[in-house]
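Peer 1: Sequence first, then the predicted structure, then my questions.
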Amino acid sequence: MALTESNMFPLGAKAPDFHLFDVVSQKKVSLDEVKSPTATVIMFICNHCPYVKHVQKQLTQLANDYIPKGISFVAINSNDVEQYPDDSLPKMKETAEKLQYPFPYLFDETQEVAKAYHAACTPDFYIFDENLACVYRGQLDDSRPGNDIPVTGESIRAALNQILNHEPVTVTQKPSMGCNIKWKE
């Protein structure tokens, strides 16, 4: 595991399109199908990373709190599943069902989507507005494994609340930190 920071996708940049396999519904899902007319949260996560495991319950809570308010969520796993079998499709489905993810959990087999989003680590978070322009990228909150700060989703929640209040997103945007994406050789 190499501790890695977000690459900080450019603010204002348009969300790259995708058509990826959802391990729960067993169907291909596109950005157009999951986007919201309010805001869309895209998360790069996986199953085995201790930084993702640290926040998994909050991801479910966060989505359950904001989906009823018109925000959509989608999670993408771009890891090399041959080298990291804990991130395989059956394990992804098992994790999504166990944690009751209320959002699609997609598999980026070619890793082209992760590259298009400049994703570097898991977890890595992006919020796009109603026009799919990036208004936030970075961390969930200040909590990390072992730092004794509670996992609250504070950074993402503050940005989403500003969007819901029709305010510009002025939240301080700190890079996320976690395991590097496991790129194929």
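Peer 2: Happy to help now that I have it. Everything quoted here is computed from the prediction, not taken from an experiment.
Peer 1: only C-alpha atoms for contact and neighbour calcs from this point on.
Peer 2: Will do.
Peer 1: what pLDDT does residue 22 get?
Peer 2: Note on residue 22: pLDDT of 97.
Peer 1: Can you list the strands that the helix or strand of the chain with the lowest mean pLDDT pairs with?
Peer 2: The weakest-scoring helix or strand in the chain, judged by mean pLDDT, DSSP states H and E, is strand 3-5 (a mean of 83). If you go by DSSP bridges, strand 3-5 pairs up with strand 177-180 (antiparallel).
Peer 1: Pull out the buried residues from the least confident helix or strand of the chain.
Peer 2: Residues of strand 3-5 classed as buried: 4, 5 (neighbour count, 16 or more other C-alpha atoms under 10 Å).
Peer 1: Pull the distance from the next helix or strand after it to the chain's centre.
Peer 2: Using DSSP states H and E, the helix or strand that follows strand 3-5 in sequence is strand 19-22. Centroid separation between strand 19-22 and its chain, computed with C-alpha atoms, centre = their mean, to the nearest Å, is 14 Å.
Peer 1: What helices and strands are in contact with strand 19-22?
Peer 2: Using 3 or more C-alpha pairs under 8 Å, 6 or more residues apart in numbering; DSSP states H and E as the contact test, the elements touching strand 19-22 are strand 27-30, strand 105-107.
Peer 1: As a check, name the ranges of all strands in this structure.
Peer 2: Applying DSSP state E to the chain gives strands spanning 3-5, 19-22, 27-30, 39-44, 71-77, 105-107, 121-122, 124-129, 134-138, 177-180.
Peer 1: Out of those strands, which is closest to residue 50?
Peer 2: strand 177-180 (7.8 Å; C-alpha to C-alpha).
Peer 1: So for residue 57, what pLDDT did the model give?
Peer 2: Predicted confidence (pLDDT) for residue 57: 94.
Peer 1: In contact with the closest residue to it other than its chain neighbours: list those residues for me.
Peer 2: Nearest residue to residue 57 in three dimensions, chain neighbours excluded: residue 99, at 6.9 Å (C-alpha to C-alpha, 6 or more residues apart in numbering). Each residue near residue 99 by C-alpha atoms under 8 Å, 6 or more residues apart in numbering is listed here: 56, 57, 60.
Peer 1: for residue 60, same thing?
Peer 2: 99, 100, 101, 102.
Peer 1: what do you get if the cut-off is 7 Å, keeping everything else the same?
Peer 2: Counting by C-alpha atoms under 7 Å, 6 or more residues apart in numbering, residue 60 makes contact with 100, 101, 102.
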